[in-house]
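K.L.:
need coordinates for the below:
(one chain, ligands or ions: 1)
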Amino acid sequence: MVRFARTYWGGFLLAAGCVLVGSAFRLTIQTVGHVHYLPMLAAVMATALVAQRPATFTAIVLSVIADMLILPRQGIANAVVHAALFVAVALVMAEVCHRLASRSALLDSILASVPVVTLNGEGRILRITPAAADLLGVTPEEALSRPFSTFATDFDTTALAAVIEGAPLSLPATGSWLARRPDGEIVPMTIHASLLSPSVDPERMVLSLGDQRQTTAANERMRDLMNQLSKSWRLNSMGEMAATLAHELNQPLTAATVYLHAGQTDIARAGPLGDSAGRALDLAKTQLIRAGDIIRRMREFVSTGARELTDQRVSSMIEDLRPLFDLIRMDTGVVIRVDVRDVGDHVLADRIQFQQAINNLVRNAVDAVAGRELGLVRITGRSLGNQGYEIIVEDDGPGIPEDQMDRIFQPMTTTKASGMGLGLSVTRSIIESHDSVLTVGRSPLGGAAFSFCLSPVLELEAA
Ligand code: ADP
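P.N.:
Next up, the predicted model:
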């Protein structure tokens, strides 16, 4: 009905109807005394609250005509003065009503998209917006008059009642609850509760609800990624340590074995007297060879976390890291700009290992620019056609001196007080296991630029 009255022609019909009712009322009560245009003013205001301006003007004109027909005035001057006065007052009142109506329509449409509920003193729902009803899994009509606690497990309406009795606010003004929907689904939500002024009775409290489903899912994804990255970091850094140990210890172990062998030859010349010492040296040699084997096996063991190169999209692998970049920005203030094109970004990669490599390069770049006023780290990715997909991680830090550019890739080379010096050697191993090479140079931003290129998956893209 109201919806029809809001249409163009519906407004005119409403105007005519209101004037008709106003005139009838006026005819009924004119025996009591002169009420002049008063009932017509009500007719104009009712029209203005619902319909558009042309309909309101029609109501004003019809009112004047009806008034003249119903009650002939004493003289034309009297009629014109009354009509002019009425038109002036009606125009002002109509404008006030129009503004009120459009303000309320604006508020309604804003509220429709926000999950908000109002409760009475007993915690029952008096109003609910469509977004709130949607969150609670009901229609607005189904939710009306029901206690809010039926939807929100543990939401304490007795505390709410106590608040209304005048007790201090004992329920948290903001908190997380679980919404129990009629279809059985449990939905995490936040509730921000605030008391309303007593003048809007019977509504006593307004709750604005927040859907936490997306946040919870995003947090879970991020936790999952962090777990995978830290597991892969543990394995990678152990592998790198084992490789370094194997490399570093190999020479002294071999030398010790050779010396023992030479000692054994000398002792053998001493005849039976040297037999026992010779056996001891033999045992020592066996232990040295065993030590070498242990280190080799350890290296093999940690490096057999076999890389599985599959078709991956660079843009998607880096997109996964965005929450981590956001955290870094919050912690350090360093902006991490991502400019990775998704055209031709299908590559052969091990998803987690690739993300580990990017994470290592970004963290190094952030360390290099941290403390600068406008620290910037940029990740760029673009297809080089058949040659592959190039990824560059660069920064506007101090860069790396020419003579240090080779050294920094060696394990346990660090300039940081708490650095382990493994990040770049792990990253280089990861890139090499992708049949690529990690290179470093100077960035146009002023700092260091680390880059590599991954093999494209052209057949799939063509498909
Ligand atoms: P760590 O980060 O533990 O020091 P890395 O192997 O990751 O170990 O880095 C080795 C060294 O390379 C760092 O200590 C730093 O001196 C240098 N380095 C790495 N990345 C950058 C960069 N973006 N800018 C300047 N220096 C860098």
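K.L.:
CA atoms for contacts and neighbours, from now on please.
P.N.:
Noted.
K.L.:
low pLDDT regions in the stretch 101-250 of the chain?
P.N.:
153-154, 156-175 (pLDDT under 70).
K.L.:
parallel or antiparallel, list what pairs with the lengthiest strand in the chain.
P.N.:
Residue-count comparison of every strand in the chain, with assignments taken from DSSP state E, identifies strand 186-195 as the longest. Strand pairing for strand 186-195, using DSSP bridges, gives strand 174-180 (antiparallel), strand 205-211 (antiparallel).
K.L.:
show me how far the last one is from its chain's centre.
P.N.:
Its chain's average C-alpha position is 20 Å from that of strand 205-211, according to CA atoms, centre = their mean, to the nearest Å.
K.L.:
next, the angle strand 186-195 makes with whichever helix or strand comes after that strand.
P.N.:
Scanning forward in sequence from strand 205-211, with DSSP states H and E defining helices and strands, the next element found is helix 213-269. Using axes from the mean of the first three to the mean of the last three CA atoms, to 10 degrees, the inter-axis angle of helix 213-269 relative to strand 186-195 is 120 degrees.
K.L.:
picking up where we left off before, pull out the buried residues from the longest strand of the chain.
P.N.:
186, 187, 188, 189, 190, 191, 193, 194, 195 (16 or more other CA atoms under 10 Å).
K.L.:
so residue 378, which of the three states?
P.N.:
Three-state secondary structure (criterion: DSSP: H, G, I helix; E, B strand; the rest coil) places residue 378 in strand.
K.L.:
what is the neighbour count of it?
P.N.:
The local packing of residue 378 (other CA atoms under 10 Å) involves 20 other residues.
K.L.:
and it, bridged to which residues?
P.N.:
Under the criterion used (DSSP bridges), residue 378 bridges to residue 337, residue 394.
K.L.:
ok, the one 4 residues further on next?
P.N.:
For residue 382, the beta-bridge assignment (DSSP bridges) gives partners residue 390.
K.L.:
closest residue of the stretch 1-150 of the chain to the ligand?
P.N.:
residue 114 (44.8 Å; CA to the nearest ligand atom).
K.L.:
that residue reaches residue 134, doesn't it?
P.N.:
No: here residue 114 does not reach residue 134: they are 10.5 Å apart, not a contact under CA atoms under 8 Å.
K.L.:
contact partners for the residue in the stretch 251-400 of the chain that the ligand sits nearest to?
P.N.:
Closest to the ligand within the stretch 251-400 of the chain is residue 365: 3.7 Å, counting by CA to the nearest ligand atom. Taking CA atoms under 8 Å, 6 or more residues apart in numbering, we find residue 365 in contact with 377, 393, 394, 395, 397, 448.
K.L.:
any chance of TSV for these, columns distance to residue 243, neighbour count and pLDDT?
P.N.:
Compiled in TSV, the contacts of residue 365 are given as follows (distance: CA to CA, whole Å; neighbours: other CA atoms under 10 Å; pLDDT from 0 to 100):
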residue	distance to residue 243	neighbour count	pLDDT
377	31	28	96
393	26	25	98
394	28	30	97
395	30	29	96
397	31	23	94
448	27	25	97
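K.L.:
which stretches in the chain count as strands?
P.N.:
With DSSP E applied, the chain shows strands at 116-119, 125-128, 152-153, 174-180, 186-195, 205-211, 310-313, 335-340, 346-349, 376-383, 389-395, 439-442, 448-454, listed in chain order.
K.L.:
I'd like those strands laid out as TSV, including distance to residue 251.
P.N.:
Below are those laid out as TSV (distance: least, CA to CA, whole Å):
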stretch	distance to residue 251
strand 116-119	73
strand 125-128	77
strand 152-153	68
strand 174-180	61
strand 186-195	60
strand 205-211	62
strand 310-313	38
strand 335-340	43
strand 346-349	35
strand 376-383	40
strand 389-395	36
strand 439-442	29
strand 448-454	32
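K.L.:
the ligand contacts on this structure?
P.N.:
Of all the residues in the chain, those in contact range of the ligand (CA under 6 Å from any ligand atom) are 364-365, 368, 399-400, 408-409, 413-416, 419-425, 448.
K.L.:
which ones among those residues lie within helices?
P.N.:
When DSSP state H is applied, the residues of the chain next to the ligand are split such that 364, 365, 368, 423, 424, 425 fall in helices.
K.L.:
number of residues surrounding the closest residue to residue 295 other than its chain neighbours?
P.N.:
Counting by CA to CA, 6 or more residues apart in numbering, the nearest residue to residue 295 once its immediate chain neighbours are dropped is residue 246, at 5.6 Å. Residue 246 is surrounded by 21 other residues when neighbours are defined as other CA under 10 Å.
K.L.:
surely residue 246 meets residue 292?
P.N.:
Yes: counting by CA under 8 Å, residue 246 touches residue 292, with 7.4 Å between them.
K.L.:
touching, residue 337 and residue 381? I think so.
P.N.:
No: the pair residue 337 / residue 381 is not scored as a contact, 11.5 Å apart, by CA under 8 Å.
K.L.:
which one's more surrounded, the two?
P.N.:
residue 381 (24 against 14).
K.L.:
these two touch, right, the more buried one and residue 391?
P.N.:
Yes: shown here, residue 381 and residue 391 form a contact pair, counting by CA under 8 Å, at 4.5 Å.
K.L.:
low-confidence bits of the stretch 301-450 of the chain, can you list those?
P.N.:
For the stretch 301-450 of the chain, the stretches with pLDDT under 70 are 301-307.
K.L.:
residue 318 reaches residue 355, doesn't it?
P.N.:
Yes: under the criterion of CA under 8 Å, residue 318 makes contact with residue 355 at 7.0 Å.
K.L.:
run the chain-centre distance for stretch 105-116.
P.N.:
Average the C-alpha atoms of stretch 105-116, do the same for its chain, and the two points are 23 Å apart (CA atoms, centre = their mean).
K.L.:
would you confirm that residue 193 contacts residue 204?
P.N.:
No: in this structure, residue 193 is not within contact of residue 204 by CA under 8 Å, at 10.5 Å.
K.L.:
measure how buried residue 200 is and give me the count.
P.N.:
Residue 200 sits with 9 neighbouring residues when counted by other CA under 10 Å.
K.L.:
please report how far residue 245 lies from residue 296.
P.N.:
Computed with CA to CA, to the nearest Å, the distance linking residue 245 and residue 296 is 9 Å.
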